[in-house]
Each structure stands twice: as structure tokens, then as C-alpha cells.
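> Please work out how this folds:
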Amino acid sequence: MIVSCDDAGPRAAGIVNLWRRLGASERSFLGLDYDGTLAPFRVDPMKARPLPGIKDLLKDLVGSGRTDLAVVSGRPVSEVAALLDGVALTIVGSHGFEVAGPDGEVVAVHPDPDQSEGLGAALRITLPAGADARLEVKIASVALHTRGMPLNLAMRLEERVFQEWRRLEYSCRLECRRFNGGVELRAVGRNKGDALRELLSGQPADSFCVYVGDDETDEDAFRAIADRGIGIKVGDLQAGTAASGYLPDCAAVKTFLEKWLSVVTGQRRPQDE
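Numbering: from 1, shown residues only. Next up, the predicted model:
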């Protein structure tokens, strides 16, 4: 099942009547990853701003009254909120360990003592000179960022850290996973899929639900939404993805949001594409 994208918006070539289904639904839910979905990657993560016009689209979708909107990210909630300044929506951060409602109040789940000890041990692993500055500590994970490094050096560093951190997985209830631009060791027990299931449980049974994301970590969310709606992968389709369609890049996501807004606000008749 593939969704392609052109200037008119995504065309369903396996996702049947996507826009007609959205137009016929009184309520809808749209979950979105942040990096690589709403914003292109940057070496400095806080310079990864949404493409021009996307924040206004998100505000208009919230204001439409027909779509419940959530951004689901591996970043801390505080970072996503700063980058989406002025957009009142639900933010899931730290792969589900933090959730903030539109009012900004954050509910956090903390790792257990063994997990915290393991994350501390990960920070104490000796790294090459200067690599410590590329570590990021979050509420339930430690991440190594390699974006901006020469490719061969980045690959070697990622592989070394991946192997070192994997030794902590079993004894400390952690998991080591790669992402676009680095490696992350995080506490098990919560992920994007768990958080998405909780959000979907509050949706009406007939709500039209879609999740859009680009990363390996979004596979948890694609699996979570499979029984309720549609998962859409941003970037090249890869073997084994749980998504049922794709959009090629962030620009295509913006076009997708424009089309979604036009359908839920009735600006033009939804077509069977």
C-alpha cells in the first residue's frame, strides 16, 4: 500500500479514498513526528525549524475543531514546545515518557532505579576527545548525535557506542536503537506507540486517524495505529516498515497538511484521489 505525493496532495494507491474518508468523518486525529517530518534535520537541533507555513497550518488545524492534533517526538517536550511556539496542541516527548496537553502542563514518567543506573553508566563510557559534547541526556534516555561529522567517522563512532551501550540493555531494562543521525539508549516500558495508543483511546470509535513519521522510532507508532487508521512514512519506503504509505519529504508533508486543512474546513470538495 503506497501513498505518493504530487502538487495536488497525496494520492491513494492502496489507502482507499483517504480524502473522502477524512471529509466524511465528523472527527479526526492526526499525529506527527517532528524532526524529518515537520522540520528538516539540522546539525544544531534547535535550528531545526518547521518549514515556512507549517506552524500556521497547525494552528489552523487546531482551530478547525475537527482534528485533534498531536506531535510525537523523541525530543523533550520543552524543545518541541519552543520550536512550535504559539501552537496549542498535545506534545508527546522523550518517546512517550513526557506528555503535555494544549495547556502546556507536562505529565512525566520516570525510569526505575536500575534504568537510571544504566543510563548513568552509559554516560561514563569513555568516548573520543570532543565526543562528550555530542551526548544528550533526557528524562529516560541518553543520545549520541553524529550529524555534521564526516560520514566515516560518524559511522565508526555510532557503531562503537552502539556495541558498548547494548551491553547495558538486559541488566538495566534498556534498549539501544539507532536513529537518523545517531544512537540512543533508552528505558523500556514506554515508546511512541504506547503514547499514541493512549491518545487514540480517547478518540471516538469512528474518528479518522493518521500518523506521519520518518524514523525507525516511528515504527512503534505505525504498529500502534494499524488497527485504528493509517501510518504514513516520510522518506524512502524501506522493507519491513509498518506504515501503509509514504510521503517523500518535509515539503510533501506540508502539502499533505494543506490538503487535510482544505478537507476538514470544506474549502473544496474532497476528491477520491
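> alpha carbons only for contacts and neighbour counts from here, please
Fine.
> mind checking the end-to-end distance for stretch 199-216?
End-to-end distance of stretch 199-216 (C-alpha to C-alpha, to the nearest Å): 20 Å.
> which outside residues touch that stretch?
The contact list for stretch 199-216, computed with C-alpha atoms under 8 Å, 6 or more residues apart in numbering, reads 21-22, 25-34, 36-37, 178-180, 221-222, 225, 228-235.
> number of nearby residues for the spatially closest residue to residue 87 that is not a sequence neighbour?
Closest residue to residue 87 apart from its sequence neighbours, by C-alpha to C-alpha, 6 or more residues apart in numbering: residue 59 at 5.6 Å. When counting by other C-alpha atoms under 10 Å, one arrives at 16 neighbours for residue 59.
> got it, and the one 3 residues further on?
For residue 62, the tally of surrounding residues (other C-alpha under 10 Å) stands at 19.
> Could you tell me how far residue 65 is located from residue 243?
27 Å.
> part of a strand, is residue 29?
Yes: applying DSSP: H, G, I helix; E, B strand; the rest coil, one finds residue 29 inside a strand.
> Residue 148 contacts residue 43, correct?
Yes: here residue 148 reaches residue 43: they are 5.5 Å apart, a contact under C-alpha atoms under 8 Å.
> which SS class is residue 137?
Applying three-state DSSP: residue 137 is strand.
> Got the confidence number for it?
Looking at residue 137, its pLDDT reads 94.
> Nearest spatial neighbour of it, chain-adjacent residues omitted?
In space, residue 137 is closest to residue 143, 6.6 Å off (C-alpha to C-alpha, 6+ apart).
> part of a strand, is residue 186?
Yes: judged by three-state DSSP, residue 186 forms part of a strand.
> so how far is residue 135 from it?
For residue 186 relative to residue 135 (C-alpha to C-alpha), the value is 13 Å.
> who's more crowded, the two?
For residue 186 versus residue 135, neighbours defined as other C-alpha under 10 Å are more numerous around residue 186 (28 against 16).
> beta partners of the residue lying closest to the more buried one once chain neighbours are set aside?
Among residues not flanking residue 186 along the chain, residue 141 sits closest, at 4.0 Å (C-alpha to C-alpha, 6+ apart). Beta-bridge partners of residue 141, counted by DSSP bridges, are residue 138, residue 186.
> which residues in the stretch 51-200 of the chain form helices?
Ranges of helices within the stretch 51-200 of the chain are 54-64, 77-83, 113-123, 151-166, 169-172, 192-201, based on DSSP state H, counting those that start in this stretch.
> so which of these gets nearest residue 257?
Residue 257 sits nearest to helix 54-64 of all the helices of the stretch 51-200 of the chain, at 6.8 Å, using C-alpha to C-alpha.
> List the buried residues in that closest one.
Along helix 54-64, these residues count as buried under the neighbour rule (16 or more other C-alpha atoms under 10 Å): 54-55, 57-62.
> Give me the average confidence score over that helix.
95.
> Do I have it right that the residue nearest to residue 87 meets residue 88?
Yes: using C-alpha under 8 Å, residue 59 is in contact with residue 88, at 7.4 Å.
> Look at residue 65 and residue 243 and report which has more neighbours.
residue 243 (27 against 13).
> What about residue 198, how many residues nearby?
For residue 198, using other C-alpha under 10 Å, the count is 11.
> start at 422 instead
From this message on, residue numbering opens at 422, which makes the last subject residue 619.
> okay, it: pLDDT?
95.
> do the same with the one 5 residues further on
At residue 624 the predicted local confidence, pLDDT, stands at 95.
> And residue 570, by the same measure?
93.
> What of residue 448?
So residue 448 comes in at 94 (pLDDT).
> Also residue 425?
43.
> just the one 5 residues further on next, same as before
Predicted confidence (pLDDT) for residue 430: 47.
> Any regions of the stretch 422-571 of the chain where pLDDT drops low?
422-437 (pLDDT under 70).
> So what's the gap between stretch 674-684 and the chain middle?
18 Å (C-alpha atoms, centre = their mean, to the nearest Å).
> what residues go with each domain of the protein?
Residue ranges of the domains in the chain are recorded as 424-530+611-685, 534-608, according to automatic domain parsing.
> Find the one among these with the highest mean neighbour count.
domain 424-530+611-685 (a mean of 19; mean count of other C-alpha atoms under 10 Å).
> thinking again about what came up before, distance of the residue nearest to residue 607 from residue 490?
25 Å.
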